[in-house]
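Asker: One predicted model, sequence on top.
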Amino acid sequence: MNNFYKNVLLIAGCVFIIVFLLQCTNKDATSNRESNDFQVIDLGETTKGSNSFLDISQIIKLQTIEDGLVGEIDQLEIYENKIFILDRKTNNFFVFNKSGQLYKKISADAGPQGFIAPRSFWIDSDGFVLLLDVNLNKLIKYTSSEVEFVETINLEPLNWSSPVTFGIIPEKNLYVYYYLHNEKNKTENKQIVLSKDNSSIQNLFLDGNATGTIMFGFPANFYILDNKLMFYPYFSNKIYEIDSDRLIPKYELLFHNLNFPEESIFLENPGTKRFMAALAEKDYVQYMSVFETDKALFVNYLVGYDKFMGIYDKINNRVKNQKVRDITDDLGLGNDFPVPVSVYENKFVGIVSPGNIDKTKLGNTNFIRILDDLKEDDNPILVVYTVNI
């Protein structure tokens, strides 16, 4: 064989090897691409597997006493030496210390220092806790150290109603409010309002449409990452960064063959009751909650009555997508997966409900130790962990 044919075969062989290696590599990767400046993350098909990808660093059992029963954790934040929990089911704001002992409970009160319909809260860079009351259109401000009342901040009626959630851009003291869409509002058909002093509008973002008319989703859809304010709207698969002068596209999430409902579903079924009935007729993604660290993006989402979790490993460009009830328990947590509700010190904070624990499947020594006298109606257990997929 002459040198010419040898060189041709050598080149062909090299090309084959390169293509083969690329195909093998892509099996673990997301279909990341840029779409209108969004990083697209395809979570892929759902698979079955165990919870062995969790690396648990801490378990906190919340104290259970008669005056401190948590009905449901709608929002949880850990700040310095305290755990703050908003429970809209019982209309209470609980504060525990980091060892799980109840420190204070603030209950609904129609007085000037109270709240009647808390929706979400935020802890600012100065350590103040601000609780949003969506009925009274105000923020109630507390100290985080002693959880003492400071002041009430009445919000300017910029829209037809109160904002449904809010966040604060770090270091700029800009309050960012998220409103439901209404064509009669005072915000130029925008759903995001930036305000410096809670009265004057500094900027407006996010064009409103029918998908923004229903208040259904995780109440704390603002979060901080790397000192930047992140946000995701209801009934949307998009995540943004919010700066003082622009809305910056970050991620677009794909749930394999599942989608959020189209705008036509909202238009054809006005009102929450009719819309929710139409939503149940098809396998739509109904809501998602997002928790992000430097290394991973964790997404909880609901389809019908089934809870799913998707994880994007930002370092290794890998994904995991599973139905929560199909996750097998290899860590001995009593067969209850600690779905995240918060992020603390670059770790996920999940909850395990005592009523869901199968004691015959307990194998984690720390769990066994703290669950010795556990009752089904006891307060939840917090599990702090990182993920490795």
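Answerer: Cool, got the structure.

Asker: Where does pLDDT dip in this structure?
Answerer: Within the chain, the ranges that satisfy pLDDT under 70 run 1-36, 158-160, 197-199.

Asker: try 90
Answerer: For the chain, residues meeting the criterion pLDDT under 90 lie at 1-37, 110-112, 155-162, 171-173, 181-189, 196-201, 215-217, 270-272, 279-281, 358-376.

Asker: Quick one: the helices in it, in order.
Answerer: For the chain, the helices identified by DSSP state H occupy 3-26, 263-268, 272-279, 365-370, in order along the chain.

Asker: Contacts for the last one next, please.
Answerer: Spelled out, that is helix 365-370. 56, 59, 61, 332-334, 362, 381 (CB atoms under 8 Å, 6 or more residues apart in numbering). (C-beta placed from N, C-alpha, C; glycine too.)

Asker: Give me the buried subset of those.
Answerer: In terms of neighbour count (16 or more other CB atoms under 10 Å), the buried residues within those are 56, 59, 61, 333-334, 362, 381.

Asker: Dump those residues into a markdown table; add distance to residue 277 as well.
Answerer: Compiled in a markdown table, these are given as follows (distance: CB to CB, whole Å):
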| residue | distance to residue 277 |
| --- | --- |
| 56 | 40 |
| 59 | 40 |
| 61 | 40 |
| 333 | 36 |
| 334 | 35 |
| 362 | 40 |
| 381 | 35 |
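
Asker: of all those, which comes closest to residue 289?
Answerer: If you rank the buried ones among the contacts of helix 365-370 by distance to residue 289 using CB to CB, residue 381 comes first, at 19.2 Å.

Asker: Quick one: residues contacting the closest one.
Answerer: Listed by CB under 8 Å, 6+ apart, the contact partners of residue 381 are 59-62, 351-354, 367, 370-371.

Asker: ok so, going back, in the contacts of helix 365-370, find the pair that's most separated.
Answerer: 61 and 332 (15.8 Å).

Asker: Of the contacts of residue 381, keep whichever come out buried.
Answerer: The neighbour-count test (16+ other CB under 10 Å) marks 59-62, 351-354, 367, 371 as buried among these.

Asker: Pick out whichever of these sits closest to residue 386.
Answerer: Of all those, the one with the least separation from residue 386 (CB to CB) is residue 59, at 14.1 Å.

Asker: May I ask you to confirm that the closest one is in contact with residue 382?
Answerer: Yes - taking contact to mean CB atoms under 8 Å, the distance of 7.1 Å between residue 59 and residue 382 places them in contact.

Asker: Could you check how many residues crowd around residue 293?
Answerer: Taking other CB atoms under 10 Å as the neighbour definition, residue 293 ends up with a count of 17.
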